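Asks: Predicted structure and sequence below. I'll ask about it afterward.
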Amino acid sequence: MTAPDLVLPPCDFTVFGGTGDLALRKLLPGLYEQERRGQLPAGTRIIGVSRSPLDDAGYRDLVTRALFDHVAEDHLEAGALHRLTARLHHLSLDIGSADDWHRLHGLLKDRPDRPAGEEATRIHYLAVASELFGPICDRLDALGLVTPECRVVLEKPIGADLASSHQVNDAVGRVFAERQIFRIDHYLGKESVQNLLVTRFANVFLEPIWNSRWVDHVQITVSETLGVAGRGEYYDKAGALRDMVQNHLLQMLCLIAMEPPTYVGGDPVRDEKLKVLQALKPLTGADVDRFTVRGQYTSYGEKVGHPSTTETFVALRAEVQNWRWAGVPFYLRTGKRLARKESTIEVVFKEPPHAMFPHSEGVTTPNRLTVRMQPDEGMQLHMTAKHPGPGGIRLHPASLDLSYADAFDERSPEPYERLLMDVMRGIPTLFMRRDEVEAAWTWTQPVLEQWERAAVEPVRYHPGSEGPAAAARLLARDGRRWQEAGR
Ligand SMILES: NC(=O)C1=CN([C@@H]2O[C@H](COP(=O)(O)OP(=O)(O)OC[C@H]3O[C@@H](n4cnc5c(N)ncnc54)[C@H](OP(=O)(O)O)[C@@H]3O)[C@@H](O)[C@H]2O)C=CC1
Ligand SMILES: O=C1O[C@H](COP(=O)(O)O)[C@@H](O)[C@H](O)[C@H]1O
């Protein structure tokens with residue numbers, strides 16, 4: 001999935017929402033890492049846009065402070081900091097008002113370093129709420145700032161439901177062609193998530209058993225220790241289903257469940273993911289009540305300043321209705337203020353068909369492939385081994401471990417760092433296509449509607465806990481349990 005090194009033309013990288021949490025915590029540190037590794041194309045400029053009354057110097061100060069907070073200390077290098085901050089500009093404008101946009105036009109058109117007719121590659125990164133995507137695109141279009149080489153990057157969630165995601169995608173699609181639109185899902189930028197494709201399709205040993213005959217069930221967990229931090233206003237309108245499940249968790253499910261694409265490239269991979277989303281068994285009515293759990297940590301209302309019914313935890317049971325996966329449950333869960341920060345996928349295989357070792361019944365544990373996105377990126381294949389020693393065969397759980405930190409000298413790039421590079425190079429494989437986003441909303445929508453219709457109150461859980469007991473019951477009903485860290 002990595003393109004050969006190319007000499008890229010300069011970029012004008014405009015970040016709408018350039019003073020926001022995402023820009024300061026993730027995007028600018030990602031761009032800094034690229035700068036440090038000499039990967040930013042020469043002549044690249046980074047233009048932050050927000051309503052804040054900042055000039056270039058003020059923005060450079062703000063970003064420098066953010067880099068000190070969010071870049072690993074041993075990566076902070078005076079030269080790279082200087083080079084990156086020298087690229088920064090800030091424009092104060094209100095996206096909702098027609099004023100001041102001419103200044104963006106002036107800045108983007110003013111490239112004395114480029115020969116006449118050769119513009120920089122313009123990348124418009126929309127790190128603002130998705131209601132603002134349409135107005136931004138319209139203004140860029142009206143100012144003549146959209147050329148065929150331009151790209152636009154959309155942050156998730158795109159819309160708040162199926163209807164609004166159609167509206168947002170329509171509004172962006174009126175100005176940009178689909179090939180210019182990069183819908184970001186930072187989970188697809190994680191090395192271990194990309195490695196799922198490689199593990200499945202650059203090896204042969206898994207394929208014969210990667211189906212309902214041998215896989216008992218799949219678990220996908222993204223558990224966070226942090227609460228909603230400074231993002232309460234956004235989060236309270238979104239909740240965990242829109243914030244995490246509709247995008248990150250379903251994308252991971254797709255990579256586990258998809259058929260082999262003809263080659264790893266933009267459309268083949270996305271075509272296969274789309275088929276998985278379209279094969280998800282709809283959860284409606286009584287199924288929603290039975291197969292979903294909504295939770296909220298007990299101090300959430302205080303955090304957002306009012307009583308709220310927004311979920312900060314979701315667990316659910318999904319099914320992919322196709323030949324490969326019929327009858328295999330995919331259990332998904334995510335939540336805030338839980339006991340651990342951990343993102344994992346567990347593919348749990350069936351028991352061997354026959355217990356042939358004396359006294360082995362109940363001693364073996366099913367084979368299991370654990371993919372660890374964080375912490376300690378890697379993979380473990382859990383198996384049963386012979387305990388060493390004479391006198392009969394005693395069985396013992398053991399595992400084959402792949403830890404990225406041990407196996408590779410290079411550090412794994414942060415997801416945004418990797419994905420921003422792909423945007424600059426114009427590589428769409430790790431970005432969501434419109435039909436994928438809408439298919440994910442199509443599946444999510446009836447759950448949202450049923451929760452609303454039935455006024456499903458979230459069950460409370462204690463911060464620092466494993467989440468609501470109902471999530472454990474969801475699996476216990478099927479005679480299964482969540483795999484917890486390290487076990
Ligand atoms: N933060 C995160 O970890 C993640 C965020 N996202 C998504 O990224 C987007 C941004 O999130 P986040 O950074 O957290 O949000 P913030 O509220 O922290 O930042 C919003 C940014 O947009 C600017 N802004 C808001 N309204 C306008 C306006 N009318 N005109 C110009 N600028 C405006 C704000 O600056 P000012 O108020 O000065 O105008 C600020 O720079 C959202 O869509 C979110 O869902 C996605 C994944 C993770
Ligand atoms: O997109 C989001 O992801 C983060 C979790 O990302 P991770 O890489 O730290 O697992 C989540 O905190 C945030 O609410 C959500 O918008």
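Replies: Nice, thanks for sending it over. Ligands and ions are numbered 1, 2, ... in the order given.
Asks: neighbours around residue 210, how many?
Replies: Using other C-beta atoms under 10 Å, residue 210 has 18 other residues around it. Where C-beta positions appear, they are placed from N, C-alpha and C, glycine not excepted.
Asks: Excluding chain neighbours, what is closest to residue 324?
Replies: Nearest non-adjacent residue to residue 324, counting by C-beta to C-beta, 6 or more residues apart in numbering: residue 211, 4.7 Å away.
Asks: ditto for residue 277
Replies: residue 439 (3.8 Å).
Asks: Surely the residue nearest to residue 324 is in contact with residue 325?
Replies: Yes - in this structure, residue 211 is within contact of residue 325 by C-beta atoms under 8 Å, at 7.1 Å.
Asks: Compare these two (neighbour count), which wins?
Replies: More crowded of residue 211 and residue 325, by other C-beta under 10 Å: residue 325, with 21 against 14.
Asks: does that one count as helix, strand or coil?
Replies: With DSSP: H, G, I helix; E, B strand; the rest coil as the basis, residue 325 sits in coil.
Asks: and it, what does it touch?
Replies: Residue 325 is in contact with 211, 212, 215, 257, 279, 319, counting by C-beta atoms under 8 Å, 6 or more residues apart in numbering.
Asks: repeat for residue 412
Replies: Counted by C-beta under 8 Å, 6+ apart, residue 412 has contacts 190, 191, 192, 377, 404.
Asks: Could you report the separation of the fourth one from residue 139?
Replies: Residue 377 is 40 Å from residue 139, where distance means C-beta to C-beta, to the nearest Å.
Asks: ok so the residue nearest to residue 324 is a strand residue?
Replies: No - going by three-state DSSP, the assignment for residue 211 is coil, not a strand.
Asks: On the three-state scheme, the closest residue to ligand 2 within the stretch 301-450 of the chain is what?
Replies: Among the residues of the stretch 301-450 of the chain, residue 343 lies closest to ligand 2, at 5.3 Å counting by C-beta to the nearest ligand atom. Recorded secondary structure, residue 343: strand (three-state DSSP).
Asks: Retrieve the pLDDT associated with the residue nearest to it when sequence neighbours are not counted.
Replies: In this structure, residue 343 finds its nearest non-sequential neighbour in residue 373, 3.8 Å apart by C-beta to C-beta, 6+ apart. On pLDDT, residue 373 comes in at 93.
Asks: And for residue 360?
Replies: 67.
Asks: which parts of the stretch 201-350 of the chain sit against ligand 2?
Replies: 222, 224, 243, 244, 343 (C-beta under 6 Å from any ligand atom).
Asks: Let me have those in TSV, extended by secondary structure.
Replies: Shown next, in TSV, are those (three-state DSSP):
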residue	secondary structure
222	strand
224	coil
243	helix
244	helix
343	strand
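Asks: so who does residue 160 touch?
Replies: So residue 160 contacts 130, 237, 238, 242 (C-beta under 8 Å, 6+ apart).
Asks: Those residues also near ligand 1: which ones?
Replies: Restricting the contacts of residue 160 to contacts with ligand 1 (C-beta under 6 Å from any ligand atom) yields residue 130.
Asks: Would you list the phi and psi of the residue of the chain found nearest ligand 1?
Replies: Per C-beta to the nearest ligand atom, residue 20 is where the chain lies closest to ligand 1, at 2.2 Å. Torsion angles at residue 20 (phi, psi; degrees, to the nearest 10) stand at phi -80, psi 170.
Asks: Now do the same contact list for the nearest residue to it once chain neighbours are set aside.
Replies: The spatially closest residue to residue 20, leaving aside those adjacent along the chain, is residue 127, at 5.7 Å (C-beta to C-beta, 6+ apart). The contact partners of residue 127, taken as C-beta under 8 Å, 6+ apart, are 15, 16, 17, 18, 20, 22, 23, 27, 155.
Asks: What separation do you get for the third one and residue 476?
Replies: Counting by C-beta to C-beta, the separation of residue 17 from residue 476 is 43 Å.
Asks: quick one, which of these two is more surrounded?
Replies: A direct count of neighbours by other C-beta under 10 Å for residue 17 and residue 476 places residue 17 higher, at 22 against 12.
Asks: correct me, but the more buried one touches residue 23?
Replies: Yes - if you go by C-beta under 8 Å, residue 17 and residue 23 touch, sitting 5.7 Å apart.
Asks: Which elements pack onto the longest helix seen in the chain?
Replies: When the chain is parsed with DSSP state H, its longest helix is helix 434-453. Here helix 434-453 touches helix 162-173, strand 181-183, helix 250-257, helix 266-279, helix 285-291, strand 292-297, going by 3 or more C-beta pairs under 8 Å, 6 or more residues apart in numbering; DSSP states H and E.
Asks: is ligand 1 contacted by the shortest one?
Replies: Meaning strand 181-183. No - applying C-beta under 6 Å from any ligand atom, one finds strand 181-183 separated from ligand 1 by no less than 11.2 Å.
Asks: and the angle from the helix or strand following that strand to helix 250-257?
Replies: Next along the chain after strand 181-183, taking DSSP states H and E as the criterion, comes helix 191-201. Inter-element angle recorded for helix 191-201 and helix 250-257: 20 degrees (by axes from the mean of the first three to the mean of the last three C-alpha atoms, to 10 degrees).
Asks: who in the protein is up against ligand 1?
Replies: 17-23, 50-52, 94-96, 127-130, 155-156, 231, 234.
Asks: tell me the contacts of the residue of the chain closest to ligand 1?
Replies: 50, 127, 128.
Asks: Make CSV from the residues you listed and add distance to ligand 2 to it.
Replies: Formatted as CSV, these follow (distance: C-beta to the nearest ligand atom, whole Å):
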residue, distance to ligand 2
50, 19
127, 12
128, 14
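Asks: The helix or strand where residue 370 lies packs against which elements?
Replies: Element membership of residue 370 [criterion: DSSP H and E] is strand 368-374. Packing partners of strand 368-374 (3+ C-beta pairs under 8 Å, 6+ apart): helix 191-201, strand 342-349, strand 378-386.
Asks: most packed of those?
Replies: Using mean count of other C-beta atoms under 10 Å, the stretch among the helices and strands packed on strand 368-374 with the largest mean neighbour count is strand 342-349, at a mean of 21.
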